[in-house]
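K.L.:
Below are the sequence and a predicted model; questions follow.
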Amino acid sequence: MGCIEKRLETLGITLPKKDRRGKGVVAAREIDGMLYLTAQLPVDEAGKPLFVGRVGTDLTLEQGYQAARQCGLNALAVVADYVGDLDRVACVVKVLGLVNSGADFSGQPAVINGFSDLMLEVFGERGMHARSAMGAYALPQNVPVSVDCIFKLR
Amino acid sequence: MYNQIPGTEAAAFKPRKPIVVLRQIGNLVYTSGHGPEDQITGKPIYAGRIGRDLTPEEGHAAARECGVILLGALRDHFGSLDRVKSLVKATALINVDGDFCDLDYVMDGFSDLMADVLDERGKHVRTVMGTHNMPNGNIPVEIELIAEIE
């Protein structure tokens, strides 16, 4: 710990935590019209989890579905931020949904439907996508769902 | 605990036949998942689950080691890292136990390294997931990468 950090500690001052997911990490990366996103979590604007725990033990399937929908909203926000206009989305290409699963829970596809249904609502036919859904043993900040997706731009 | 991988004592560490270290399609290169393993013997440099056998700091170091190995694989294949136009996407599997879920901290070992080595070109999107079982003596981290080459 540096001198100033020690001083902050003596003074009882705690600096606010910043979301710092590695120096090299960006929200989106575009290569040849394909937009890759960093896996989206069900968090609010400040990056604070809106849902915490494993689906099947701590959370119900319906809560998992809502968490996946929140991942979708966050994904759309990232895309909109990157391209400026969601009309530039040609289609959703591929989705990998990870569900923090407790005990014998095996309803991962039903959970990730929260994300997929949102894409259909928003983009119609263009929102259809290839998808995998799997159970994870752990996810960052113990969130229930993480969704990784690739969009094609036009 | 892990001691030795049967059958690999002397042989150089090579992926099994149908699996390649990386595959290039156009200007994109897709790598196999790489663990923190000695690239000659195949022996794990780190083994075990983070949160039980290993500390978060060891996990962070293991993820960094995966990054070093991936950079080595790219350099071996393309002759120079100057040909890496940019990283695109990293996917990490992190072997955890109990309630450990600070996966982002572990994976920062990789991401920070890429930013340090490649600067802007090292920027990437990423996915991190916690798993409970991994190959080769239960390695703690495995990372696969998509990169753009020129």
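P.N.:
Alright, I've got the coordinates. Computed from a prediction, not measured in an experiment: that's the story for all the values here.

K.L.:
contacts and neighbour counts: CA atoms only from here.
P.N.:
OK.

K.L.:
Skip the chain neighbours and tell me the closest residue to A:Phe151.
P.N.:
Leaving aside its chain neighbours, A:Phe151 sits nearest to A:Val92 (4.5 Å; criterion: CA to CA, 6 or more residues apart in numbering or on different chains).

K.L.:
A:Lys152 touches A:Leu37, doesn't it?
P.N.:
No. Using CA atoms under 8 Å, A:Lys152 is not in contact with A:Leu37; the gap is 11.3 Å.

K.L.:
Compare these two and say which is more crowded by neighbours.
P.N.:
Neighbours were counted for A:Lys152 and for A:Leu37 using other CA atoms under 10 Å in any protein chain shown; A:Leu37 has more, 25 against 19.

K.L.:
What parts of chain A come near chain B?
P.N.:
By CA under 8 Å from any CA of the partner chain, the residues of chain A that approach chain B are A:21-31, A:36-39, A:98, A:136-142, A:148.

K.L.:
host element of the residue nearest to A:Phe151?
P.N.:
strand A:89-100 (DSSP states H and E).

K.L.:
And that strand, what does it pack against?
P.N.:
On a contact count with 3 or more CA pairs under 8 Å, 6 or more residues apart in numbering or on different chains; DSSP states H and E, strand A:89-100 meets helix A:108-123, strand A:130-136, strand A:145-153.

K.L.:
List the contacts of the shortest one.
P.N.:
Among residues not part of strand A:130-136, those counted as contacts by CA atoms under 8 Å, 6 or more residues apart in numbering or on different chains are A:93-101, A:106, A:108-109, A:112, B:129-131.

K.L.:
Kindly recompute the last result at 7 Å.
P.N.:
Applying CA atoms under 7 Å, 6 or more residues apart in numbering or on different chains, the external contacts of strand A:130-136 come out as A:93-101, A:108-109, A:112, B:129-131.

K.L.:
quick revisit: okay if I get the helices and strands packed on strand A:89-100 as a markdown table plus mean pLDDT and distance to B:Ser80?
P.N.:
Converted to a markdown table, the helices and strands packed on strand A:89-100 look like this (pLDDT from 0 to 100; distance: least, CA to CA, whole Å):
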| stretch | mean pLDDT | distance to B:Ser80 |
| --- | --- | --- |
| helix A:108-123 | 96 | 40 |
| strand A:130-136 | 97 | 35 |
| strand A:145-153 | 97 | 29 |
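
K.L.:
And B:His124, its phi and psi?
P.N.:
Phi and psi for B:His124, reported as degrees, to the nearest 10, are phi -150, psi 160.
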